[in-house]
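[1] dropping the sequence and predicted coords here.
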Amino acid sequence: MKKVDLILQPKGLVQTVDNKPTLETGKALIILEGKIEDITSLDEAKKKYDSKEIIYLNDHVLIPGLINTHNHMSMSLMRGIADDIPLMDWLNNHIWPTEMKFVGPKFVEDGALLAIGEMFLTGTTTCSDMYFFPETTAKALEKAGMRGQLVTPILDFPTTYAQDGDGYLEKAEIFAKKYSGNPLVNIGLGPHAPYTVGDETFKKLVKLNEKMNLPIQIHLHETKGECDDSLKSFGVRPMERLNQLGLFSWKVQCVHMTQMNDEEIDLAIKKDLSVVHCPESNMKLASGICPVPKLLKKGINVGIGTDGAASNNDLNLLGEMKTAGLLGKVDTLDPTACNAEEIFHMATLGGAKVLGLQDRVGELAVGKMADIVAIKEEGFIDSFPNFNFLSNLIYAQSSQRVDSVWVSGKRVVKDGELVTLNKDELLERTKIWQEKLSQSS
Ligand SMILES: [Zn+2]
């Protein structure tokens, strides 16, 4: 008998069959050294494997850990600080002044841990983050045991993190080299947006990446105003400008994309760009609607992101999935658009593809990392009756049914409680920041 670390025996598990999420029953999932070693019948599992631990989950369905493809984790400390105003007012008069005053390693650490706690409890196991002091965020991910892509911020104006484009790029290079090959944390470049990064810095970034070959994530075509301003200043819309600057030599992760004409969709196909859909942030800031059904039809890969909690205002990807589904339907006046299977794909394997991690995460399959969420089935009044698992997961309230979470086979949530983080401590630390930030406004 082969010795393994853990056997999970759930009521059911969701596997990808013919590109569709399919609920399978009567199977056990076997974990060895952080990876899924086997998925087999209960009888086979008993015959073949000698496990250190067996967990019976008679009332649970396992799904792959969800993937939040765009976040600013530490902005969780600014949840609700400024609501119901347009993007540029929100940034210029609220977010950026607060950041200039308070953002440093301690702010980033406390905000990141708060965000990780919230994401674990709502079924997210991988998150992409763009924020200052990413070295501190990396430590928070390692402490909590969450998988992440950290795109280092690149801007042309000074912040508490760096002074100018060169300063940000220098830090990005050092950080990426330090974390190269890390099993949990992937590093990428995060030019903030076309309106905060000038041509010279973009050219230097392209040069740096010819050497580093890192993933790139950027806020792009978030609002109509961004596209109009670019036309005035550069004679072209932002996508075309970035194309001319050579940024699309890589599979860039384009966040928001609420403004896309047919030519730009063709360019995205030609350059194999990925799109990150952040429906709730786009709705809250009234930025616009990403044309997801059209993009999916054209074969463009789309992931889902929450964006930061200051513009959402939560990091619950299960809720974001429902919003993405409903928004796709109302935008096209087509109830078949963004169906539950497509939404599930976007939050799992689609998200993994956005981050270039599809060989490691995104589905429950042999050889992939054991990033797993156990959803409890029985006893929830708002998830009953239960005709269809996927329907209840996406369209009914489901985040309170997240019972257990594993990342690389390590349990980070048990019986709905955090294991690697102390919830009381997170709340205590957050209260201190709440006081500091309220005194200054
Ligand atoms: Zn963002």
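    Looks like it arrived, so ask away.
[2] what is the end-to-end distance of stretch 273-283?
    End-to-end distance for stretch 273-283, by CA to CA, to the nearest Å: 23 Å.
[3] and the strands in the stretch 201-350 of the chain?
    Under the criterion DSSP state E, counting those that start in this stretch, the stretch 201-350 of the chain contains strands at 217-220, 253-256, 274-277, 302-304.
[4] centre of the chain to the last one, how far?
    Right, strand 302-304. 9 Å (CA atoms, centre = their mean, to the nearest Å).
[5] from the chain's centroid, how far away is stretch 326-338?
    From the chain centre to the centre of stretch 326-338 is a distance of 23 Å (CA atoms, centre = their mean).
[6] in it, what's buried?
    Within stretch 326-338, the residues that qualify as buried are 326-329, 331-332, 337-338, counting by 16 or more other CB atoms under 10 Å. Glycine gets a C-beta too; all of them are placed from N, C-alpha and C.
[7] return the member of the residues you listed nearest to Val103.
    Leu327 (31.1 Å; CB to CB).
[8] which residue is the nearest non-sequential neighbour of that closest one?
    Pro279 (4.8 Å; CB to CB, 6 or more residues apart in numbering).
[9] what residues does that neighbour make contact with?
    289-290, 304, 320, 323-324, 327 (CB atoms under 8 Å, 6 or more residues apart in numbering).
[10] one more time with 10 Å
    Pro279 makes contact with 256, 258, 289-290, 292, 304-307, 312, 320-328, 331, 338 under the criterion CB atoms under 10 Å, 6 or more residues apart in numbering.
[11] tell me the spacing between it and Tyr49.
    According to CB to CB, to the nearest Å, Pro279 and Tyr49 sit 42 Å apart.
[12] and what of Trp406?
    17 Å.
[13] the two: which is more packed in?
    Trp406 (27 against 21; other CB atoms under 10 Å).
[14] quick check: Glu53 is in a strand.
    Yes: applying DSSP: H, G, I helix; E, B strand; the rest coil, one finds Glu53 inside a strand.
[15] nearest residue to it in space, please, no chain neighbours.
    Leaving aside its chain neighbours, Glu53 sits nearest to Leu6 (5.0 Å; criterion: CB to CB, 6+ apart).
[16] which element, helix or strand, includes the residue most central in space within the chain?
    The structure's the chain has its C-alpha centroid closest to Asn68; by CA atoms, centre = their mean the separation is 1.7 Å. Assigning secondary structure by DSSP states H and E places Asn68 in strand 66-71.
[17] I'd like the next helix or strand past that strand.
    Following strand 66-71 toward the C-terminus (DSSP H and E): helix 87-90.
[18] looking at this structure, which helix or strand is least sure?
    helix 87-90 (a mean of 89; mean pLDDT, DSSP states H and E).
[19] residues making contact with that helix?
    Applying CB under 10 Å, 6+ apart, the contact partners of helix 87-90 are 81-84, 95-96, 195, 219, 222-223, 225-226, 229, 281-282, 284-287, 310-311.
[20] next one: stretch 421-428
    Stretch 421-428 has contacts (CB under 10 Å, 6+ apart) with 76, 110, 113-118, 120-121, 140, 143-146, 412-413, 417-418, 429.
[21] give me that answer again for 8 Å
    With contacts defined as CB under 8 Å, 6+ apart, stretch 421-428 is touched by 110, 113-114, 116-117, 120, 143-144, 412, 417.
[22] tell me the one of those residues nearest Cys127?
    The closest of those to Cys127 turns out to be Ile116 (CB to CB; 7.7 Å).
[23] so what's the residue nearest to the centre of the chain bridging to?
    Beta bridges link Asn68 to Cys127, judged by DSSP bridges.
[24] right, and it touches Thr124 too?
    Yes: contact criterion CB atoms under 8 Å: Asn68 and Thr124 qualify, at 4.9 Å.
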